[in-house]
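Trainee: The sequence and its predicted three-dimensional model are supplied below.
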Amino acid sequence: MKENAILEMKAIDKVFPGVLALQGVDFTLCEGEIHALMGENGAGKSTLIKVLTGVYAKDNGQIYLKGYDKPVIIRSPQDAQKMGISTVYQEITLCPNLSVAENMYIGRGKGSGVNWKKMNEDATKILQSLDIPAKADQQLSSCSIAVQQMVAIARAVDMDCKVLILDEPTSSLDEQEVEKLFKLMRDLKARGVGIIFVTHFLDQVYEVCDKITVLRDGKLVGEYEIKDLPRVQLVSKMLGKELDDLSDISGESKKYEAQPGLAPVFEAKQLVSDAGIKPFDFYIQKGEVNGFTGLLGSGRSECVRAIFGADRVLGGNVQKDGKAVKITKPIDAMRNGIGYLPEDRKVDGIVGDLSVRENIILALQVLKGFFRPFSKAEANKFADEYIKLLDIKTASADTPIKSLSGGNQQKVILARWLLTHPDYLILDEPTRGIDVGTKVDIQKLVLKLASEGMSITFISSETDEMLRTCSRMIVMRDRAVVGELTGEELTQSKIMNTIAGGEAKK
């Protein structure tokens, strides 16, 4: 093993049916190092962590740990724990109804007796040594989320952890809580613990980490010292777009041009929800296609969910066609002519056991009221019209939607909203996981609908798609709006520079 290395993963492969999730990935962690594991959705971060912690069995490769003279075999999370590998997940896996001390020692006692006094004393020593603001005998549920995270870390440290994996630990924390967590991480680093930090927050990576390993599409892009990798280069490596090779992409159709003095169809001021986004301003004009862009976890989806009332709105003012309106839940948005195709069609979109017809008429039926159902003839007319319009491949309107391909399911949800004839349509990842032909169909439809006067917000992880369809893009980083690009600014290079923090091209 490399000098100072505490962990080495070499040439790791992991295959799922039809998917090569990891291909020859190397990863090295040293003692007293905070090492960021970065990559977009599907890059392989979670799979690599699950191989390391024994959740998945690797198909090829070796794992070396300090203190072992040959490659180790990790068959379960319990094996990983015994070898000194601990994980603290985004969703806290402790027992809120038990005390802090009980959570730290649960499952570790031998025999039936518990020495409560000694357990509380031992817990107090660890909490004090790590400067964690909690008492051993207080109920865990009375602690903040940040302190609960720290208790989970304290439990791991007390179990003689050498490798600590923090999987999105800051996603539910405010700035002061993040600082407390970072102080704890630095204390553990000084004690020689190696920390793998999985996060989507660029600012946090550059604040607390020593090294970065980037994965993309299940492959290792590279390992970098933090000082040698400017943010814009990190964004470039995560997205797979080399700055020197970027070219502008223009759409086939003429895109919208801003019309000064025209009142927005929809406008929001200082809108904020309980999903952790910073207050933001937003507007869209009639016939405009705009979009939110940024890395996964930047807050793109949370912004449009706030607009639609899908998350609880905590503040801000909203206007529709120049008049103040109140949108606190999706039905309010629908009644104001707003439609929303959600990011996760399987969870928030389709109703799997219902037919294609029933899924298409669902939103319009909600607006009309369930006590005033459409006649069979009306429902058939609507379904047939949109199956033809969007070229939905289905045996019949009676086919259960779960039997359709992903692309055709997406078209059904799109039909559902088009049937309500919205003034403003939000499309969050409308082309994710569907074939290229259907992607092109949806992009062309977006531009066609906009040319007919519909206002559309389009979100996609594929920047090329957004450049083809959007005339204005709002750039997000770390759940805040950090820029807005229009006209000649709409290039891959400018988007990545803005995401990275406006650094000059190196």
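Mentor: Okay, I see it. Numbers count the residues shown, from 1 in each chain.
Trainee: so residue 189 makes contact with residue 30?
Mentor: No - with contact defined as CB atoms under 8 Å, residue 189 does not count as touching residue 30 (10.4 Å). Glycine gets a C-beta too; all of them are placed from N, C-alpha and C.
Trainee: What are the boundaries of the strands in the stretch 101-250 of the chain?
Mentor: 163-167, 194-198, 211-216, 219-225 (DSSP state E, counting those that start in this stretch).
Trainee: orientation of the last one relative to strand 211-216 in degrees?
Mentor: In this case it means strand 219-225. Using axes from the mean of the first three to the mean of the last three CA atoms, to 10 degrees, the inter-axis angle of strand 219-225 relative to strand 211-216 is 160 degrees.
Trainee: who touches strand 219-225?
Mentor: Applying CB atoms under 8 Å, 6 or more residues apart in numbering, the external contacts of strand 219-225 come out as 23-28, 39, 44, 210-215, 234, 237-238.
Trainee: Outline the domain layout of this structure.
Mentor: According to automatic domain parsing, the chain comprises the domains 5-229, 249-337+422-428+446-490, 343-421.
Trainee: Of those domains, which shows the lowest average pLDDT?
Mentor: Least confident of the domains of the chain, judged by mean pLDDT, is domain 343-421 with a mean of 85.
Trainee: where does that domain sit relative to the chain's centre, distance-wise?
Mentor: Distance of domain 343-421 from the chain centroid (CA atoms, centre = their mean, to the nearest Å) equals 27 Å.
Trainee: Quote the end-to-end distance of it.
Mentor: 20 Å (CA to CA, to the nearest Å).
Trainee: likewise stretch 103-123?
Mentor: First-to-last distance for stretch 103-123 - CA to CA - comes to 10 Å.
Trainee: Give me the contacts around it.
Mentor: Under the criterion CB under 8 Å, 6+ apart, residues 94-95, 98, 100-102, 126, 136-137, 140, 151-152, 154-155, 158-159 lie in contact with stretch 103-123.
Trainee: farthest pair in these?
Mentor: Maximum pairwise distance in the contacts of stretch 103-123, criterion CB to CB, is 20.7 Å, between 137 and 159.
Trainee: buried stuff in stretch 70-77?
Mentor: By 16 or more other CB atoms under 10 Å, the buried positions in stretch 70-77 come out as residue 74.
Trainee: likewise stretch 332-348?
Mentor: Buried, per 16+ other CB under 10 Å, within stretch 332-348: 332, 333, 334, 336, 337, 338, 339, 340, 341, 342, 343, 345.
Trainee: What separation do you get for the fifth one and residue 273?
Mentor: Which is residue 337. 21 Å (CB to CB, to the nearest Å).
Trainee: try residue 216
Mentor: Distance, residue 216 to residue 273, by CB to CB: 31 Å.
Trainee: and what of residue 366?
Mentor: Separation of residue 366 from residue 273 (CB to CB): 22 Å.
Trainee: Name the residue in these two with the higher neighbour count.
Mentor: Remark: of residue 366 and residue 273, residue 273 carries more neighbours, 20 against 15, as counted by other CB atoms under 10 Å.
Trainee: Can you name the residues that contact that one?
Mentor: Contact analysis of residue 273 by CB under 8 Å, 6+ apart lists 302, 305, 306, 311, 312, 313, 314.
Trainee: could those residues go into TSV alongside distance to residue 67 and neighbour count?
Mentor: TSV is the format used below for those (distance: CB to CB, whole Å; neighbours: other CB atoms under 10 Å):
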residue	distance to residue 67	neighbour count
302	43	23
305	47	24
306	49	28
311	47	19
312	49	12
313	52	23
314	49	13
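Trainee: still on that earlier bit, among the strands of the stretch 101-250 of the chain, which comes closest to residue 487?
Mentor: Comparison of those against residue 487 by CB to CB identifies strand 211-216 as nearest, at 30.0 Å.
Trainee: what inclination does that closest one have with respect to strand 194-198?
Mentor: Computed by the same axes, to 10 degrees, the angle between strand 211-216 and strand 194-198 is 40 degrees.
Trainee: quick one: strands adjacent to strand 211-216?
Mentor: Neighbouring strands of strand 211-216 in its sheet, by DSSP bridges, are strand 34-38 (parallel), strand 219-225 (antiparallel).
Trainee: residues in contact with it?
Mentor: With contacts defined as CB under 8 Å, 6+ apart, strand 211-216 is touched by 25, 27, 33-40, 43-45, 48, 205, 220-226, 229, 234, 237-238, 240.
Trainee: Please repeat the previous calculation with a cut-off of 7 Å.
Mentor: Applying CB atoms under 7 Å, 6 or more residues apart in numbering, the external contacts of strand 211-216 come out as 25, 27, 33, 35-39, 43-45, 205, 221-226, 229, 234, 237-238, 240.
Trainee: if we can go back for a sec, so of the buried residues of stretch 332-348, which ones are in strands?
Mentor: 338, 339, 340, 341 (DSSP state E).
Trainee: ok, what's across the strand from the third one?
Mentor: Beta-bridge pairing for residue 340 (DSSP bridges): residue 426.
Trainee: That one touches residue 426, doesn't it?
Mentor: Yes - the criterion here is CB atoms under 7 Å, and residue 340 meets it with residue 426 at 4.5 Å.
Trainee: Common neighbours of the two, please.
Mentor: In terms of CB under 7 Å, 6+ apart, residue 340 and residue 426 are both contacted by the residues 304, 308.
Trainee: The strands paired with strand 211-216: which one's closest to residue 263?
Mentor: Between these, strand 34-38 lies closest to residue 263; by CB to CB that is 42.1 Å.
Trainee: could you check the angle strand 163-167 makes with the closest one?
Mentor: Here strand 34-38 runs at an angle of 40 degrees relative to strand 163-167 (the same axes, to 10 degrees).
Trainee: circling back to that earlier point, so which of the contacts of residue 273 comes closest to residue 263?
Mentor: The closest of the contacts of residue 273, once distances to residue 263 are taken by CB to CB, is residue 306, at 21.4 Å.
Trainee: ok, back up a step: need the worst-confidence member of the ones in strands among the buried residues of stretch 332-348.
Mentor: When those are compared by pLDDT, residue 341 scores lowest at 89.
Trainee: Against residue 275, how distant is the residue nearest to the spatial centre of the chain?
Mentor: Centroid check for the chain by CA atoms, centre = their mean gives residue 297 as the closest residue, at 3.9 Å. According to CB to CB, residue 297 stands 11 Å off from residue 275.
Trainee: go on, residue 180?
Mentor: For residue 180 relative to residue 275 (CB to CB), the value is 22 Å.
Trainee: again, but for residue 284
Mentor: Per CB to CB, residue 284 is found 20 Å from residue 275.
Trainee: okay, the two: which has more neighbours?
Mentor: Set residue 284 next to residue 275 and count neighbours by other CB under 10 Å: residue 284 wins out with 21 against 17.
Trainee: Show me what that one is bridged to.
Mentor: Per DSSP bridges, the residues bridged to residue 284 are residue 266.
Trainee: who touches the residue nearest to residue 238 when sequence neighbours are not counted in this structure?
Mentor: Nearest in space to residue 238, with sequence neighbours left out and distances taken as CB to CB, 6 or more residues apart in numbering, is residue 40 at 5.5 Å. Contact analysis of residue 40 by CB under 7 Å, 6+ apart lists 238, 239, 295, 296, 461.
Trainee: now with 8 Å?
Mentor: Counting by CB under 8 Å, 6+ apart, residue 40 touches 216, 238, 239, 295, 296, 461.
Trainee: again, but for residue 343
Mentor: Residue 343 sits next to 301, 428, 429, 432, 459 when contact means CB under 8 Å, 6+ apart.
Trainee: How about stretch 463-478, which residues are buried there?
Mentor: 463, 465-478.
Trainee: Show me where the stretch 51-200 of the chain has its helices.
Mentor: 77-82, 100-105, 116-129, 145-158, 175-190 (DSSP state H, counting those that start in this stretch).
Trainee: Against which helices or strands is the first one packed?
Mentor: When contacts are defined as 3 or more CB pairs under 8 Å, 6 or more residues apart in numbering; DSSP states H and E, helix 77-82 sits against strand 85-88.
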